[in-house]
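Engineer: Mind looking at a prediction? Sequence and model below.
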Amino acid sequence: MFQIKNLEKSFDDVKVLKNINLEIKPNEKLVIIGPSGSGKSTLLRCLNGLEIPTKGEVLFEGKQINSNSYQQLHGDIGMVFQNFQLFEHMTVLKNLTLAPVLNKKMTKKQAKRQAMEYLKQIHLEDKKDVYPSELSGGQKQRIAIIRTLMMNPKVILFDEPTSALDPEMIGEVLSLIIEVAKKNITMIVVTHELHFAEQFASRVIFMDHGEILEEGDAKTLFSNPQTERLQQFLKNC
């Protein structure tokens, strides 16, 4: 699904990603871990065209992602951000139905019906007419996740989806991500929630200073880290 070849990304004189080579298969549940500033979020943003590589290339289903492809990929590659990015001037229902209707994926009637089905699944149907400012952080993030699902994407990228939440709200968001994983969707999650990563991921990659230092299946990587840097990271978490 994704082929990442010799990827580098720099901001001014700072090299954030260094020679990243990675293949991501359809329906894979990939988790990216590593210390803050290791390039995890920048890698995600390169996968959906929000950042363009300084060197190398990113291919999605055989086609190169570049500055002209972001709009074309919008429906196929969804992204859930740390800070929700809901439209504050729109109700929950409008937030959910806007994109699929504008992109002609659904009629207004179809979008409303689908949105209500999702809201019922997460027990927030009574919030359909409220504005984001009236929601808790956990509620906002669950709304953001189902807003992404409304576009029926092939891939969902999660950029530290629980980092802005109070501890008691983290579980409800992680539970929804686990439910989404039952669908036929490729999922790539950047997270500091290592217990979740171990339980959820089919594969984990560990990044530090813009490089992939180690990767493998979740059980092996967490129980038997091969690099001293990953051993240190896990010990400190």
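Structural biologist: It's in.

Engineer: Which neighbouring elements make contact with the host helix or strand of residue 198?
Structural biologist: Here residue 198 sits within helix 194-200, counting by DSSP states H and E. Applying 3 or more CB pairs under 8 Å, 6 or more residues apart in numbering; DSSP states H and E, we find helix 194-200 packed against strand 29-33, helix 167-180, helix 218-223. Bear in mind the C-beta positions are built from the backbone N, C-alpha and C, glycine included.

Engineer: what about the helices in this structure?
Structural biologist: 40-47, 70-73, 92-102, 108-121, 137-149, 167-180, 194-200, 218-223, 228-236 (DSSP state H).

Engineer: Where among those is average confidence lowest?
Structural biologist: Lowest mean pLDDT of those: helix 70-73, a mean of 66.

Engineer: circling back to that earlier point, can you check which of the helices and strands packed on helix 194-200 gets nearest to residue 205?
Structural biologist: Taking CB to CB, strand 29-33 is the member of the helices and strands packed on helix 194-200 nearest to residue 205, at 5.4 Å.

Engineer: could you check the angle helix 167-180 makes with that closest one?
Structural biologist: With axes from the mean of the first three to the mean of the last three CA atoms, to 10 degrees defining the directions, strand 29-33 sits at 150 degrees from helix 167-180.

Engineer: now strand 29-33: mean pLDDT?
Structural biologist: 98.

Engineer: Tell me which residues are up against that strand.
Structural biologist: Contacts to strand 29-33, defined as CB atoms under 8 Å, 6 or more residues apart in numbering, come from residues 24, 40, 43-44, 181, 186-192, 194, 197, 200-207, 218, 233.

Engineer: can you check stretch 173-183 too?
Structural biologist: 29, 121-122, 138, 141-142, 145, 149, 156, 158, 161-162, 165, 187, 189, 193, 196, 200.
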